[in-house]
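*Asks:* Next input, structure requested:
(one chain, ligands or ions: 1)
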Amino acid sequence: MKRFGAWLGGVALLALAACGESNAPLPAITAADVDGAAIIAADRRPDIWISHGRTYSEQRYSPLKLVNDTNVKDLGLAWTSELDTNRGMESTPIVIDGVMYVTSAWSVVYAYNAKTGERLWKFDPEVDKSRGVSACCDVVNRGVAIWQGNVFVGTIDGRLIALDTKTGAKKWDVVTVDQSKPYTITGAPRVIKGNVIIGNGGAEFGVRGYITAYSAADGKQVWRFFTTPNPTKTADGAASDKVFAEKANETWGDTGEWTESGGGGTAWDGMAYDPDLDIMYVGIGNGSPWNQRLRDPAAKDNLFLSSILAIKPETGEYVWHYQTTPGETWDYTATQPLMLAELKIDGKDRKVVMQAPKNGFFYVIDRKTGELISADKYQDNVNWATHVDLKTGRPVEAANARYESPQSALQIPGPLGSHNWHPMAFSPDTGLVYIPAHTLPTIYANMENFRYRPGAWNTGTDFAAAALPTAMAERIAAGAASKGQLVAWDPIAKKPRWVVDYPNAWNGGVLATGGNLVFQGALDGRFRAYDAAKGGEPLWQFDTQYPALSGPISYEIDGEQYIAVTAGWGTALPLAGGTGNRDGAARMGASVMGRVLVYKIGGAAKLEPNYPFVPDPVPTAEDFGSAAVVEHGKELYFNNCMVCHGDSVQSGGIVTDLRWSGVPATKDGFAEVVIDGKYASSGMASFKQKLAPEDVEAIRAYIVNRSNEDAAAIKAAAQPPK
Ligand code: CA
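*Replies:* Predicted coordinates for the structure are as follows:
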């Protein structure tokens, strides 16, 4: 018996040793030590969060479980710090060696002591604020990357900058775009094999998308991969030349607005990397203009719009692609977060890449070959396509989906998607993907007489027609007003295991943890934790005052686990949707500064109230202009001003609410701002090149008309009932 016991003990020790080889914690490292080997070994240092999605797989799962489903009720604020910008927050922090690196709007970078919240340094790239009008969806930034003592940030004016992790001092600064064009960078860089990989945005205005690799050491360009052809379909001297000559050029017609606009296909967010296969994955955006009938009358597939692209990180060499939305015409980007996982499907172990792009289907794809394994609606109200044909890999579109003149039926999703940039998470414990999904339907309307205007809003779809009262009535009658869901999606069973419903759309990114928790902020200004296995009522919630929509993270210092998230007021929906989309978020408004919020068990810090000033509804001036002029002004407003100043001039409070501003009161005062660019330095650029003086005056007539209309309505509502 004794010998048997010794033998058994030996087996146990061997098993422990084998286990220890792959899972034992590794010694602590500093920011100078972060490289590919360190990121690949991230699961053996669960106390830090060293790349955007924590690991190259980008699962946004923290194995930490000191905070768990039994003690999360005692979670409290450990520290908070106010950031110095008042626009939207989308940043995922990075934490290593006790330091947190986080970005805020306008691409500003901060370093904090991650335990105490002491600010160590701040770097402001001093972006020309007039470039803010080239940002479709607020002047946001999703975070930095760290590599060998440098921190990398992409800026809203298209630069990639390397800073010293210790001091924030600039080491190098390269311009990655033609700054005369409306390019922006909002996404976080990733570093793979010494290359800093960065894409860009701008497809709503008209740019040609691409991804570029720069040497982390000195900022020298290593390769570039274009995602659309150039107008002559000739070689660019780029890594993408071969695949365009072989298969992508032929998916574009020879004429159409794309030859001037650049075609779009910007890569502004999702990336992941498999070090074993040595393949990186990049999500590619929508067409420019959106409306394919105008973009490419030949109505071809238009590679690589709305595709997941697999390429080699050292050379940019093409490996495979999967196009989620061929002939994209609805702003259905596939830039959404990408994640890698190992799943047992039909008895076989599959290495997969997964995505919930805007178009409403959840894709599971073999990440070595690009073979489509499954594609299923993660929001059951999606109506632009009935299903995806797994044999052809193509969606089967609804008959009326490609909006014929003048407008199509109510469509789900609209341009903000069934899921947008808000990061999803995967828990290997539950096998579930947690998707921050929503319903934001729209009515797409073909824009008659569209012509591409350089630098202007160029979608070729008429936002004014989509906002017609009949369209709104149809939206409401269909019960398809905006709403949100946290979907715990089973990627093997291809259906939700549980769902949390929210009355409003556009809720926050998700973190899954080893403590059987998922954390999510919501547009209603609450940050919540749910049981990862069962969902249901929140186990914990905290009043964040403004929405914490960014990707939360977790880290551990001195035996305490922290949960961190950034919060603020802004991003695409609140900016464009105005008060009409502020369901449950009525407290938000102007002058809300962004914040970092950090929690731990027993945290007792207080969040100082910072409720914003909301202007009184005093009309700006007396109505003027004929009905025809006001109507013309409305059309111009929706297609030039709405994305920042809000639907029907109802500002979400992020930028000036024009209904209560003195600026539209006089012709000269309005022209000073809109034509002469008086406030360009704070983000309101001149529209001199885009709008004629009489058009500016028509817009003013519409704004003044809306001001009086709403002031009267608010006054009437304030009367006590008889
Ligand atoms: Ca877009």
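*Asks:* From the recorded domain assignment, give the ranges for the protein.
*Replies:* Structural domains annotated on the chain: 2-44, 61-601, 627-718, as defined by automatic domain parsing.
*Asks:* Between the ones you listed, which one is closest to Pro609.
*Replies:* Closest approach to Pro609 among the domains of the chain (Cβ to Cβ): domain 61-601, 6.9 Å. C-betas here are computed from N, CA, C, even on glycine.
*Asks:* Pull the distance from that closest one to the chain's centre.
*Replies:* Distance of domain 61-601 from the chain centroid (Cα atoms, centre = their mean, to the nearest Å) equals 3 Å.
*Asks:* quick check: mean pLDDT across that domain?
*Replies:* Average pLDDT, domain 61-601: 93.
*Asks:* again with stretch 656-676
*Replies:* 90.
*Asks:* Send me it as CSV with only the CA atoms.
*Replies:* The C-alpha atoms that make up stretch 656-676 are tabulated as CSV, following Å, rounded to 0.1, in the frame of the first residue of the first chain:
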residue,chain,number,x,y,z
THR,A,656,-24.1,73.6,-28.2
ASP,A,657,-27.8,73.2,-28.2
LEU,A,658,-28.6,75.5,-31.1
ARG,A,659,-32.2,76.0,-30.0
TRP,A,660,-31.1,78.0,-27.0
SER,A,661,-27.9,79.5,-28.3
GLY,A,662,-27.6,83.2,-29.3
VAL,A,663,-25.5,82.3,-32.3
PRO,A,664,-28.4,81.7,-34.8
ALA,A,665,-30.2,84.9,-33.6
THR,A,666,-28.7,87.1,-36.3
LYS,A,667,-27.6,86.5,-39.9
ASP,A,668,-24.1,88.0,-39.3
GLY,A,669,-23.5,86.2,-36.0
PHE,A,670,-24.4,82.8,-37.5
ALA,A,671,-22.3,83.5,-40.6
GLU,A,672,-19.3,84.4,-38.4
VAL,A,673,-19.4,80.9,-36.9
VAL,A,674,-20.6,78.7,-39.9
ILE,A,675,-18.8,80.5,-42.7
ASP,A,676,-15.9,82.3,-41.1
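*Asks:* for it, which positions count as buried?
*Replies:* For stretch 656-676, the neighbour count (16 or more other Cβ atoms under 10 Å) marks 656-661, 663-665, 669-671, 673-675 as buried.
*Asks:* now stretch 158-165
*Replies:* Within stretch 158-165, the residues scored as buried using 16+ other Cβ under 10 Å are Gly158, Arg159, Leu160, Ile161, Ala162, Leu163, Thr165.
*Asks:* So which residues make contact with whichever strand or helix holds the third one?
*Replies:* Assigned by DSSP states H and E, Leu160 falls within strand 159-164. Where contact means Cβ atoms under 8 Å, 6 or more residues apart in numbering, the residues beyond strand 159-164 that reach it are 109, 123, 125, 149-155, 169-176, 185, 189, 196, 198, 214, 216, 219.
*Asks:* gap between Asp462 and the ion?
*Replies:* Distance check for Asp462 against the ion: by Cβ to the ion, to the nearest Å, it reads 17 Å.
*Asks:* Glu556 too?
*Replies:* 37 Å.
*Asks:* Bridging across strands, which residues link to that residue?
*Replies:* On the basis of DSSP bridges, Glu556 is bridged to Gln561.
*Asks:* wait, what's in contact with it?
*Replies:* Contacts of Glu556 (Cβ under 8 Å, 6+ apart): Pro46, Asp47, Leu64, Leu66, Tyr562.
*Asks:* got a markdown table for those, with distance to Lys600 too?
*Replies:* Output for these, formatted as a markdown table (distance: Cβ to Cβ, whole Å):
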| residue | distance to Lys600 |
| --- | --- |
| Pro46 | 16 |
| Asp47 | 13 |
| Leu64 | 11 |
| Leu66 | 9 |
| Tyr562 | 5 |
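*Asks:* which of those residues tops the neighbour count?
*Replies:* Among the contacts of Glu556, Tyr562 has the most neighbours (other Cβ atoms under 10 Å), with 26 neighbours.
*Asks:* circling back: closest to the ion among the buried residues of stretch 158-165?
*Replies:* Distance to the ion across the buried residues of stretch 158-165 (Cβ to the ion) is lowest for Gly158, with 16.8 Å.
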